[in-house]
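> show me how the following folds:
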Amino acid sequence: MAVGGKAVGARIAAVATHLPSRRLTNETLADDFSGGWSAEKIFEKTGIRERRVVEPGETALDLGHKAAERLLGEAGLSPGQVDFLIFCSQSPDYVLPASACILQERLGLPTNVGAFDFNGGCSGYVYGLALATGLIAAGSARTVLLVTADTYSRFIHERDRSVRTLFGDGAAATLVVADDSGCTIGPFVFGTDGRGAKSLIVEAGGARVARDETTAEPVEDAFGNVRSRDNLLMDGGAVLAFALREVPAVWRALKERAGLDDAAIDLVLLHQANRFMLDALVRKLKLDPDKVPYFFETIGNTVSSSIPFVLEQLIAEGRVGRGNRAALIGFGVGLSWAGCTISF
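Residues are numbered from 1 along each chain as shown. Okay, here's the model as predicted:
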(Lines give C-alpha, C1' and ligand atoms only; values in the text may rest on other atoms or scores of the structure.)
Protein backbone atom coordinates (compact mmCIF):
# COMPACT_ATOMS: atom_id res chain seq x y z
CA MET A 1 0.00 0.00 0.00
CA ALA A 2 1.25 3.47 -0.80
CA VAL A 3 -0.04 6.87 0.21
CA GLY A 4 1.36 9.87 -1.66
CA GLY A 5 4.15 7.70 -2.99
CA LYS A 6 5.24 6.54 0.47
CA ALA A 7 5.19 2.93 1.56
CA VAL A 8 2.86 2.35 4.50
CA GLY A 9 4.38 0.24 7.23
CA ALA A 10 3.15 -0.92 10.61
CA ARG A 11 4.08 -0.41 14.24
CA ILE A 12 3.01 -1.73 17.63
CA ALA A 13 1.01 1.04 19.26
CA ALA A 14 -0.02 -0.63 22.53
CA VAL A 15 0.08 -3.91 24.46
CA ALA A 16 -2.16 -5.08 27.30
CA THR A 17 -2.40 -8.44 29.06
CA HIS A 18 -4.81 -10.29 31.32
CA LEU A 19 -4.42 -13.17 33.76
CA PRO A 20 -7.07 -15.29 35.48
CA SER A 21 -7.29 -14.71 39.21
CA ARG A 22 -6.70 -18.29 40.39
CA ARG A 23 -3.12 -19.01 41.44
CA LEU A 24 -1.49 -22.44 41.26
CA THR A 25 1.57 -22.30 43.50
CA ASN A 26 4.52 -24.64 43.81
CA GLU A 27 3.38 -25.46 47.33
CA THR A 28 0.07 -26.75 45.97
CA LEU A 29 1.85 -28.76 43.30
CA ALA A 30 4.26 -30.25 45.84
CA ASP A 31 1.27 -31.40 47.89
CA ASP A 32 -0.33 -32.95 44.80
CA PHE A 33 2.78 -34.77 43.59
CA SER A 34 4.56 -37.61 45.31
CA GLY A 35 8.24 -38.53 44.98
CA GLY A 36 9.98 -35.68 46.81
CA TRP A 37 9.07 -32.77 44.53
CA SER A 38 9.23 -29.85 46.96
CA ALA A 39 8.14 -26.32 46.10
CA GLU A 40 11.77 -25.23 45.95
CA LYS A 41 12.75 -28.13 43.69
CA ILE A 42 10.01 -27.17 41.25
CA PHE A 43 11.34 -23.60 41.23
CA GLU A 44 14.91 -24.78 40.70
CA LYS A 45 13.86 -26.86 37.69
CA THR A 46 11.54 -24.33 36.06
CA GLY A 47 12.19 -20.84 37.44
CA ILE A 48 8.43 -20.65 38.09
CA ARG A 49 6.92 -20.09 41.56
CA GLU A 50 3.29 -19.91 40.53
CA ARG A 51 1.12 -19.86 37.45
CA ARG A 52 -2.41 -18.61 36.81
CA VAL A 53 -5.16 -21.02 35.76
CA VAL A 54 -8.75 -20.45 34.71
CA GLU A 55 -11.75 -21.22 36.86
CA PRO A 56 -14.33 -23.79 35.70
CA GLY A 57 -16.34 -22.19 32.91
CA GLU A 58 -13.68 -19.55 32.17
CA THR A 59 -12.20 -19.74 28.68
CA ALA A 60 -9.42 -18.36 26.51
CA LEU A 61 -11.99 -16.16 24.81
CA ASP A 62 -12.95 -14.68 28.19
CA LEU A 63 -9.30 -13.89 28.92
CA GLY A 64 -8.76 -12.42 25.47
CA HIS A 65 -11.87 -10.27 25.87
CA LYS A 66 -10.54 -8.81 29.12
CA ALA A 67 -7.12 -8.09 27.58
CA ALA A 68 -8.69 -6.42 24.55
CA GLU A 69 -11.04 -4.30 26.68
CA ARG A 70 -8.12 -3.16 28.78
CA LEU A 71 -6.07 -2.28 25.69
CA LEU A 72 -8.85 -0.26 24.08
CA GLY A 73 -9.44 1.63 27.33
CA GLU A 74 -5.78 2.39 27.99
CA ALA A 75 -5.13 3.35 24.36
CA GLY A 76 -8.18 5.64 24.31
CA LEU A 77 -9.47 3.81 21.24
CA SER A 78 -13.15 3.39 20.47
CA PRO A 79 -14.35 0.04 19.08
CA GLY A 80 -15.27 1.78 15.83
CA GLN A 81 -11.62 2.60 15.18
CA VAL A 82 -10.63 -1.08 14.86
CA ASP A 83 -10.96 -2.47 11.35
CA PHE A 84 -9.48 -5.97 11.71
CA LEU A 85 -9.42 -8.55 14.51
CA ILE A 86 -7.09 -11.57 14.69
CA PHE A 87 -7.50 -14.17 17.46
CA CYS A 88 -4.71 -16.68 18.09
CA SER A 89 -5.50 -19.65 20.36
CA GLN A 90 -5.10 -23.40 20.68
CA SER A 91 -8.00 -23.60 23.12
CA PRO A 92 -10.99 -22.01 21.33
CA ASP A 93 -14.47 -21.99 22.85
CA TYR A 94 -15.96 -23.92 19.93
CA VAL A 95 -14.91 -25.98 16.92
CA LEU A 96 -16.97 -23.41 15.07
CA PRO A 97 -17.67 -20.50 14.83
CA ALA A 98 -14.37 -18.68 15.12
CA SER A 99 -13.73 -17.07 18.50
CA ALA A 100 -12.85 -13.84 16.66
CA CYS A 101 -16.46 -13.54 15.47
CA ILE A 102 -17.77 -13.84 19.03
CA LEU A 103 -15.13 -11.40 20.28
CA GLN A 104 -16.18 -8.87 17.64
CA GLU A 105 -19.68 -8.81 19.12
CA ARG A 106 -18.47 -8.74 22.74
CA LEU A 107 -16.18 -5.78 22.11
CA GLY A 108 -18.80 -3.90 20.13
CA LEU A 109 -16.61 -3.69 17.04
CA PRO A 110 -18.41 -2.61 13.85
CA THR A 111 -19.77 -5.32 11.57
CA ASN A 112 -17.54 -4.23 8.69
CA VAL A 113 -14.38 -5.48 10.46
CA GLY A 114 -12.49 -8.51 9.25
CA ALA A 115 -12.09 -11.23 11.89
CA PHE A 116 -10.50 -14.68 11.94
CA ASP A 117 -8.80 -17.22 14.21
CA PHE A 118 -5.54 -19.05 13.78
CA ASN A 119 -3.97 -21.85 15.79
CA GLY A 120 -0.44 -20.64 16.48
CA GLY A 121 0.90 -21.87 19.82
CA CYS A 122 4.32 -20.77 21.03
CA SER A 123 5.29 -19.07 17.75
CA GLY A 124 1.82 -17.55 17.38
CA TYR A 125 2.62 -14.03 18.49
CA VAL A 126 5.26 -13.48 15.81
CA TYR A 127 2.99 -15.09 13.21
CA GLY A 128 0.21 -12.75 14.35
CA LEU A 129 2.44 -9.70 13.93
CA ALA A 130 3.28 -10.89 10.41
CA LEU A 131 -0.41 -11.29 9.55
CA ALA A 132 -1.26 -7.85 10.95
CA THR A 133 1.67 -6.22 9.14
CA GLY A 134 0.69 -7.96 5.90
CA LEU A 135 -2.91 -6.76 6.11
CA ILE A 136 -1.71 -3.20 6.58
CA ALA A 137 0.85 -3.47 3.76
CA ALA A 138 -1.85 -4.83 1.44
CA GLY A 139 -4.13 -1.89 2.19
CA SER A 140 -6.75 -4.15 3.81
CA ALA A 141 -6.52 -2.52 7.25
CA ARG A 142 -4.99 0.39 9.13
CA THR A 143 -5.79 -0.67 12.70
CA VAL A 144 -5.44 -4.35 13.63
CA LEU A 145 -6.27 -5.81 17.04
CA LEU A 146 -4.21 -8.97 17.62
CA VAL A 147 -5.41 -11.07 20.56
CA THR A 148 -3.52 -14.12 21.82
CA ALA A 149 -5.04 -16.37 24.50
CA ASP A 150 -4.45 -19.92 25.69
CA THR A 151 -5.72 -22.10 28.52
CA TYR A 152 -3.44 -25.13 28.47
CA SER A 153 -4.59 -26.00 32.00
CA ARG A 154 -7.70 -27.44 30.31
CA PHE A 155 -5.54 -30.09 28.65
CA ILE A 156 -3.23 -31.04 31.52
CA HIS A 157 -3.73 -34.07 33.76
CA GLU A 158 -3.40 -33.10 37.42
CA ARG A 159 -0.79 -35.83 37.96
CA ASP A 160 1.45 -34.89 35.01
CA ARG A 161 4.23 -32.91 36.64
CA SER A 162 6.17 -32.68 33.35
CA VAL A 163 3.74 -30.01 32.10
CA ARG A 164 1.59 -28.95 35.06
CA THR A 165 4.61 -27.23 36.61
CA LEU A 166 5.26 -25.20 33.45
CA PHE A 167 2.13 -23.87 31.81
CA GLY A 168 -0.09 -21.00 32.90
CA ASP A 169 -3.18 -19.50 31.32
CA GLY A 170 -3.20 -15.94 30.04
CA ALA A 171 -4.02 -13.53 27.22
CA ALA A 172 -2.59 -10.47 25.52
CA ALA A 173 -3.94 -7.84 23.16
CA THR A 174 -1.67 -5.92 20.79
CA LEU A 175 -2.64 -2.92 18.70
CA VAL A 176 -0.86 -2.83 15.34
CA VAL A 177 -1.43 0.33 13.32
CA ALA A 178 -0.40 1.75 9.97
CA ASP A 179 2.63 4.03 10.10
CA ASP A 180 3.12 6.27 7.08
CA SER A 181 6.73 6.94 8.08
CA GLY A 182 7.71 3.32 7.41
CA CYS A 183 7.52 -0.14 8.91
CA THR A 184 8.93 -0.76 12.37
CA ILE A 185 7.94 -4.45 12.42
CA GLY A 186 10.06 -6.93 10.46
CA PRO A 187 11.74 -8.49 8.66
CA PHE A 188 10.42 -11.97 9.51
CA VAL A 189 11.88 -15.48 9.49
CA PHE A 190 9.69 -18.59 9.67
CA GLY A 191 10.14 -22.33 9.91
CA THR A 192 8.11 -25.51 10.25
CA ASP A 193 8.93 -29.16 10.92
CA GLY A 194 5.81 -31.31 11.13
CA ARG A 195 7.94 -34.38 11.80
CA GLY A 196 7.94 -33.18 15.41
CA ALA A 197 4.16 -32.78 15.66
CA LYS A 198 3.82 -35.49 18.28
CA SER A 199 6.45 -33.89 20.52
CA LEU A 200 3.75 -31.47 21.75
CA ILE A 201 0.25 -32.75 21.17
CA VAL A 202 -3.25 -33.26 22.50
CA GLU A 203 -4.01 -36.37 20.51
CA ALA A 204 -7.75 -36.82 21.07
CA GLY A 205 -10.58 -34.37 20.57
CA GLY A 206 -10.28 -33.52 16.89
CA ALA A 207 -11.50 -35.25 13.75
CA ARG A 208 -8.57 -37.70 13.63
CA VAL A 209 -9.10 -39.18 17.11
CA ALA A 210 -12.52 -38.62 18.66
CA ARG A 211 -12.76 -38.55 22.45
CA ASP A 212 -14.38 -41.55 24.11
CA GLU A 213 -13.96 -43.64 27.24
CA THR A 214 -10.79 -45.25 25.87
CA THR A 215 -9.00 -41.94 25.12
CA ALA A 216 -9.79 -40.75 28.64
CA GLU A 217 -8.05 -43.73 30.24
CA PRO A 218 -5.02 -42.44 32.21
CA VAL A 219 -1.62 -44.10 31.76
CA GLU A 220 1.50 -43.65 33.88
CA ASP A 221 4.81 -43.27 32.04
CA ALA A 222 8.26 -44.41 33.12
CA PHE A 223 8.84 -41.12 34.97
CA GLY A 224 5.66 -41.30 37.03
CA ASN A 225 3.70 -38.78 34.96
CA VAL A 226 0.04 -39.63 34.40
CA ARG A 227 -1.94 -38.56 31.34
CA SER A 228 -4.50 -39.83 28.84
CA ARG A 229 -4.84 -39.23 25.11
CA ASP A 230 -7.23 -36.40 26.00
CA ASN A 231 -4.37 -34.58 27.76
CA LEU A 232 -1.36 -32.59 26.67
CA LEU A 233 1.74 -34.67 26.03
CA MET A 234 5.15 -33.02 25.79
CA ASP A 235 8.39 -34.80 25.00
CA GLY A 236 10.60 -32.38 26.91
CA GLY A 237 13.89 -33.77 25.62
CA ALA A 238 12.77 -33.56 21.99
CA VAL A 239 11.45 -30.02 22.41
CA LEU A 240 14.68 -28.86 24.07
CA ALA A 241 16.77 -30.43 21.30
CA PHE A 242 14.56 -28.75 18.69
CA ALA A 243 14.92 -25.34 20.35
CA LEU A 244 18.69 -25.61 20.66
CA ARG A 245 18.89 -26.61 16.99
CA GLU A 246 16.50 -24.12 15.37
CA VAL A 247 16.56 -20.96 17.51
CA PRO A 248 20.27 -20.26 16.78
CA ALA A 249 19.50 -20.67 13.06
CA VAL A 250 16.58 -18.22 13.36
CA TRP A 251 18.81 -15.75 15.19
CA ARG A 252 21.46 -15.88 12.46
CA ALA A 253 18.93 -15.67 9.61
CA LEU A 254 17.10 -12.77 11.23
CA LYS A 255 20.26 -10.71 11.70
CA GLU A 256 21.30 -11.41 8.11
CA ARG A 257 17.90 -10.47 6.70
CA ALA A 258 17.76 -7.29 8.78
CA GLY A 259 21.37 -6.38 8.04
CA LEU A 260 22.15 -6.11 11.76
CA ASP A 261 24.78 -7.41 14.12
CA ASP A 262 24.40 -8.31 17.81
CA ALA A 263 25.33 -4.81 18.95
CA ALA A 264 22.51 -3.23 16.92
CA ILE A 265 19.85 -5.27 18.74
CA ASP A 266 19.11 -3.97 22.22
CA LEU A 267 16.86 -6.79 23.45
CA VAL A 268 16.09 -10.38 22.53
CA LEU A 269 12.59 -11.48 23.54
CA LEU A 270 12.38 -15.27 23.49
CA HIS A 271 9.29 -17.38 24.01
CA GLN A 272 9.14 -17.75 27.79
CA ALA A 273 9.23 -21.55 27.99
CA ASN A 274 11.02 -21.96 31.35
CA ARG A 275 14.30 -20.94 32.95
CA PHE A 276 16.20 -24.11 32.03
CA MET A 277 15.46 -23.70 28.31
CA LEU A 278 16.09 -19.96 28.22
CA ASP A 279 19.36 -20.28 30.12
CA ALA A 280 20.47 -22.91 27.60
CA LEU A 281 19.52 -20.70 24.66
CA VAL A 282 21.29 -17.64 26.08
CA ARG A 283 24.48 -19.72 26.34
CA LYS A 284 24.00 -21.26 22.88
CA LEU A 285 23.41 -17.89 21.22
CA LYS A 286 26.25 -16.27 23.23
CA LEU A 287 23.93 -13.44 24.26
CA ASP A 288 24.46 -10.88 26.96
CA PRO A 289 22.00 -12.05 29.67
CA ASP A 290 21.07 -8.41 30.33
CA LYS A 291 19.62 -8.30 26.81
CA VAL A 292 17.30 -11.27 27.38
CA PRO A 293 14.49 -10.42 29.82
CA TYR A 294 12.66 -13.22 31.63
CA PHE A 295 9.05 -12.96 32.76
CA PHE A 296 7.56 -16.27 33.84
CA GLU A 297 8.27 -16.62 37.57
CA THR A 298 4.77 -15.60 38.63
CA ILE A 299 2.74 -16.54 35.51
CA GLY A 300 4.35 -19.63 33.97
CA ASN A 301 4.59 -20.39 30.25
CA THR A 302 1.59 -18.61 28.68
CA VAL A 303 2.20 -20.05 25.17
CA SER A 304 1.16 -17.54 22.47
CA SER A 305 1.06 -14.66 24.98
CA SER A 306 4.47 -15.15 26.57
CA ILE A 307 6.31 -12.60 24.40
CA PRO A 308 3.73 -9.79 24.77
CA PHE A 309 3.80 -10.30 28.55
CA VAL A 310 7.53 -9.51 28.41
CA LEU A 311 6.97 -6.63 26.02
CA GLU A 312 4.34 -5.05 28.26
CA GLN A 313 6.65 -5.36 31.26
CA LEU A 314 9.53 -3.68 29.42
CA ILE A 315 7.29 -0.77 28.39
CA ALA A 316 5.96 -0.39 31.95
CA GLU A 317 9.50 -0.33 33.34
CA GLY A 318 10.64 2.24 30.79
CA ARG A 319 13.29 -0.12 29.43
CA VAL A 320 12.38 0.58 25.80
CA GLY A 321 12.08 3.87 23.99
CA ARG A 322 12.47 5.55 20.64
CA GLY A 323 15.48 4.18 18.79
CA ASN A 324 15.54 0.83 20.60
CA ARG A 325 15.37 -2.36 18.57
CA ALA A 326 14.33 -5.83 19.74
CA ALA A 327 14.36 -9.29 18.21
CA LEU A 328 11.37 -11.54 18.95
CA ILE A 329 11.66 -15.32 18.58
CA GLY A 330 8.83 -17.79 19.21
CA PHE A 331 9.25 -21.55 18.99
CA GLY A 332 7.44 -24.71 20.01
CA VAL A 333 4.30 -26.69 19.20
CA GLY A 334 4.03 -27.68 15.56
CA LEU A 335 6.92 -27.86 15.50
CA SER A 336 7.14 -24.28 14.35
CA TRP A 337 9.26 -21.20 14.86
CA ALA A 338 9.25 -17.55 13.86
CA GLY A 339 11.35 -14.47 14.43
CA CYS A 340 11.14 -10.78 13.68
CA THR A 341 12.62 -7.46 14.68
CA ILE A 342 10.66 -4.50 16.02
CA SER A 343 11.73 -0.89 16.50
CA PHE A 344 10.32 1.56 19.02
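
> and the helices in this protein?
For the chain, the helices defined by DSSP state H cover 26-32, 39-46, 60-75, 99-107, 124-137, 161-164, 236-258, 275-285, 306-316.

> need the winner for burial among those helices.
Among the helices of the chain, ranked by average contacts under mean count of other CB atoms under 10 Å, first place goes to helix 124-137 (a mean of 24). All C-beta atoms are positioned from the backbone trio N, CA, C, and that covers glycine.

> distance of Gly120 relative to Leu145?
Distance of Gly120 to Leu145, given as CB to CB, to the nearest Å: 16 Å.

> who has more neighbours, those two?
Comparing Gly120 with Leu145 by other CB atoms under 10 Å, the one with more neighbours is Leu145, at 32 against 27.

> is it true that that one touches Ala173?
Yes. At 6.4 Å, Leu145 and Ala173 qualify as touching, with contact defined as CB atoms under 8 Å.

> joint contacts of these two?
Counting by CB atoms under 8 Å, 6 or more residues apart in numbering, the contacts common to Leu145 and Ala173 are Ala68, Leu71.

> what's the closest of the helices of the chain to Phe155?
Among these, helix 161-164 comes nearest to Phe155, with 8.5 Å by CB to CB.

> elements contacting that closest one?
If contacts are counted by 3 or more CB pairs under 8 Å, 6 or more residues apart in numbering; DSSP states H and E, helix 161-164 sits against strand 232-234.

> if you average pLDDT over the strand it packs on, what comes out?
Average pLDDT, strand 232-234: 97.

> repeat for stretch 159-172
For stretch 159-172, mean pLDDT is 97.

> quick one: it to chain centroid distance?
13 Å (CA atoms, centre = their mean, to the nearest Å).

> how long is it end to end?
The first and last residues of stretch 159-172 sit 28 Å apart, counting by CA to CA, to the nearest Å.

> and stretch 116-129, by the same measure?
Across stretch 116-129, first to last residue, CA to CA, it's 14 Å.

> show me what contacts the residue most central in space within the chain?
With distances taken as CA atoms, centre = their mean, the chain has Ser304 as the residue nearest its mean C-alpha position (1.5 Å). Applying CB under 8 Å, 6+ apart, we find Ser304 in contact with 88-90, 120-122, 124-125, 128, 148-150, 172, 330.

> please read off the pLDDT at it from the model.
pLDDT at Ser304 comes out at 98.

> ditto for the one 4 residues further on
Confidence per residue is given as pLDDT, and for Pro308 that number is 98.

> these two touch, right, it and Val147?
No. Using CB under 8 Å, Pro308 makes no contact with Val147, being 9.9 Å away.

> okay, and the common contacts of those two?
With CB under 8 Å, 6+ apart as the test, Pro308 and Val147 both reach Ala172, Thr174.

> ok so, going back, out of the contacts of Ser304, who has the most neighbours?
Using other CB under 10 Å as the neighbour test, the contacts of Ser304 are led by Ala149, with 34 neighbours.

> what sits against the residue lying closest to Gly323 once chain neighbours are set aside?
Excluding the flanking residues, the one nearest Gly323 by CB to CB, 6 or more residues apart in numbering is Phe344, at 7.0 Å. By CB under 8 Å, 6+ apart, the contact set of Phe344 is Thr184, Val320, Gly321, Arg322, Gly323, Asn324, Arg325, Ala326.

> next: Gly47.
Asn274, Arg275, Phe276, Leu278, Tyr294, Phe296, Glu297.

> recalculate using a threshold of 6 Å.
Neighbour list for Gly47: Asn274, Arg275 [criterion: CB atoms under 6 Å, 6 or more residues apart in numbering].

> roughly how far apart are it and Ala130?
Using CB to CB, Gly47 is found at 29 Å from Ala130.

> same thing with Glu317?
Taking CB to CB, one finds Glu317 at 27 Å from Ala130.

> now swap in Gly206 and tell me
For Gly206, the distance to Ala130 - CB to CB - is 25 Å.

> before we move on, what about Leu146?
10 Å.

> kindly report the same for Glu40.
40 Å.

> same thing with Phe33?
From Phe33 across to Ala130, the span is 39 Å (CB to CB).

> ditto for Lys284
25 Å.

> again with Arg275
Here Arg275 is placed at a distance of 28 Å from Ala130 (CB to CB).

> per-residue pLDDT, Val3?
38.

> ok, back up a step: among the helices of the chain, which is nearest Ala216?
Taking CB to CB, helix 161-164 is the member of those nearest to Ala216, at 17.3 Å.

> good, we can wrap up now.
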